[in-house]
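Asks: coordinates only, sequence not included:
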């Protein structure tokens, strides 16, 4: 009987899987089947849609004139962002970078090229988790709160629009973001529904996490597959720095993040567990940067004792090493949760706090809106088991699910870029 | 000693205290230790003593940085120089110079540095690099019109300098140094750089009789060209530990360059 039940369940699961695959585009031919490899290697150059180069300008914005940046992070006092404007009236699209990503990172630049050539004005923003954003533009200095981060982004977007009001004519507003930036975009859209400052015509979420805590835990765990376990972290780290250097003369940017590590390692042939560790490590850099910036902003006493002052030229010493050893989940339990709970009138449980950091919180809005679209991959490694199910259920026809591509691996694939631009309404130049 | 004695005698009386003060400002007042206020340091949520294994020595701990206070200040100076002088200069250069000319100049300066590479390949008794670099130099300097066209691009190009030569013969890097404008270096590499620079200067003296303003133009162009080909931006790596990262990367890179 038990055997039969198990058989039935398996049969059902297979049917479901086949049915689910039925929604996928059968002709989709992104060549990398392995989700880890796809994540690290990304889209091979010959499968990318090539656009003419775009001149992207960079600028800075003082968001809180009264604020004093921590002495040690004096150089982060102003928010850096970039833009590319058309000469004629055009729609404007805001881009939001993923975890720890900068406004001028590789992925944002790729998006900027695509949308600029499709006829958009482009404004490119850093992730609210980047130290520059935390110091210059976060109202609390502690990123990760879905609504709080969206409010911070919204403020910045309004300020930037104000700045160029006389210079460009905007025919309508659009919004997109990848990874955590997609998650942020969803909450910005939700906020805009109440405030109506932009009245976004279309919003596109590219490979967003559904439940932030779940995705953070998955990424933390990836680092556990480093050779020799976590006790070996230091030698693994040293080894990475060495490998990194072997190829570093060929790289064209020194940006210690996901994109850079990946670009370096895509030239090697690592195994899956090594790739997982590498992905974990790249997110670990972002986590370390974020935690230390938040610690300095609030003087919370997380890594640095709260009565120790580190000045402009101080040596942070062991703090860097400690930060590298802590994960997103450490940040959540020992910093984020107590920090925000203390600010609430009525304290809530950890589970309730985790629930606030999820797209499920605004599922009704996402379901009912006809302007929000999502692109995702069935094998995206930042999603838990129920992630894709949630997305197809909530977004329905407005979800485009690809069979493979890992986390953002297929973002620059010619088919994805075409779909991206189509979803945003085909503004002319694209063929 | 005998030579310097008369000089010391004519130095004004205030020289010594001022020099000492400068030196003190440069080194002594450059403490980098964080300041603890109101009693002993409190315990943070994750104290280093608990998180880190005290027996473990990181590769980055082995880098000797006794002038850290000075270096961190120089690092900041370089940021300002970059932001207000160097990068605007690069911008201007890119706007006024036609693309092919930019590439030609770039090739020209690479060809010049091939001279340095050749000398150091010889000093390192490296036959392969010596042959490759001589081929490149001979082809590019003649048919490539003084290096403006890289005709020998099939021949692998290597970068060797006197710092690497010293390393090859067993000289350690010495203390880490952040040089004005040039950026991360070490005592050995800074010395090596000045040797390479002087050698090139001597060679110029022998081959072309340049006026002062001409050689200044050449050096400025060379610096701008080099900067245009480095994507690095100070304080834009996104890491609050950028100084340490750059220090580690530089030191490891030099070690690997010497091994190669």
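Replies: That came through fine. Since the model is a prediction, treat every value here as computed from it, not as a measurement.
Asks: let me see the contact set for the nearest residue to residue A:414 once chain neighbours are set aside.
Replies: Counting by Cβ to Cβ, 6 or more residues apart in numbering or on different chains, residue A:414 lies nearest to residue A:49, which is 4.3 Å off, once chain neighbours are set aside. Where C-beta positions appear, they are placed from N, C-alpha and C, glycine not excepted. Residue A:49 is in contact with A:114, A:412, A:414, A:417, A:418, counting by Cβ atoms under 8 Å, 6 or more residues apart in numbering or on different chains.
Asks: what is the burial count for the last one?
Replies: It refers to residue A:418. Neighbour count of residue A:418, defined by other Cβ atoms under 10 Å in any protein chain shown: 15.
Asks: and it, what element?
Replies: Take DSSP states H and E as the rule and residue A:418 turns out to sit in helix A:414-423.
Asks: ok, and for that helix, which residues are buried?
Replies: The neighbour-count check on helix A:414-423 (16 or more other Cβ atoms under 10 Å in any protein chain shown) flags A:415, A:416, A:417, A:419, A:420, A:421, A:423 as buried.
Asks: about what we covered before: would you format the contacts of residue A:49 as CSV with pLDDT included?
Replies: As requested, the contacts of residue A:49 are arranged in CSV below (pLDDT from 0 to 100):
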residue, pLDDT
A:114, 94
A:412, 92
A:414, 92
A:417, 94
A:418, 92
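Asks: name the nearest of these relative to residue B:238.
Replies: Residue B:238 lies nearest to residue A:412 out of the contacts of residue A:49, by Cβ to Cβ, at 21.2 Å.
Asks: okay, now the closest residue to residue A:173 other than its chain neighbours: neighbour count?
Replies: Among residues not flanking residue A:173 along the chain, residue A:198 sits closest, at 4.1 Å (Cβ to Cβ, 6+ apart). Using other Cβ under 10 Å, residue A:198 is surrounded by 22 other residues.
Asks: helix, strand or coil for residue A:198?
Replies: Under DSSP: H, G, I helix; E, B strand; the rest coil, the three-state class of residue A:198 is coil.
Asks: wait, isn't it in contact with residue A:192?
Replies: Yes. Under the criterion of Cβ atoms under 8 Å, residue A:198 makes contact with residue A:192 at 5.3 Å.
Asks: and the contacts of stretch B:192-208?
Replies: Residues outside stretch B:192-208 that contact it (Cβ under 8 Å, 6+ apart): B:112, B:115-116, B:119-120, B:161-166, B:182, B:185, B:210, B:215.
Asks: narrow the residues you listed to those that are buried.
Replies: Taking 16+ other Cβ under 10 Å as the criterion, what is buried in those is B:112, B:115, B:116, B:119, B:120, B:161, B:162, B:163, B:164, B:165, B:166, B:185.
Asks: how close does the closest residue to the fifth one other than its chain neighbours get to residue B:125?
Replies: Nearest non-adjacent residue to residue B:120, counting by Cβ to Cβ, 6+ apart: residue B:160, 3.9 Å away. Separation of residue B:160 from residue B:125 (Cβ to Cβ, to the nearest Å) stands at 12 Å.
Asks: which one of the two is surrounded by more residues?
Replies: The neighbour count for residue B:160 versus residue B:125, taken as other Cβ under 10 Å, is higher for residue B:160 (27 against 10).
Asks: skipping adjacent residues, who's closest to residue A:120 in space?
Replies: Distances taken as Cβ to Cβ, 6+ apart put residue A:93 closest to residue A:120, at 4.6 Å, once the chain neighbours are dropped.
Asks: quick check: phi and psi at the closest residue to residue B:83 other than its chain neighbours.
Replies: Of all residues not flanking residue B:83 in the chain, residue B:234 sits nearest, at 7.5 Å (Cβ to Cβ, 6+ apart). Here is the backbone geometry of residue B:234 (degrees, to the nearest 10): phi -60, psi 140.
Asks: the longest helix in chain A is where?
Replies: Scanning chain A for the helix with the most residues, using DSSP state H, yields helix A:272-298.
Asks: show me where the stretch 101-250 of chain A has its strands.
Replies: Here the stretch 101-250 of chain A has its strands, by DSSP state E, counting those that start in this stretch, at A:121-125, A:170-178, A:202-206.
Asks: neighbouring strands for the first one, and are they parallel or not?
Replies: What it means is strand A:121-125. Paired strands of strand A:121-125, with direction, are strand A:79-84 (antiparallel), strand A:90-96 (parallel) (DSSP bridges).
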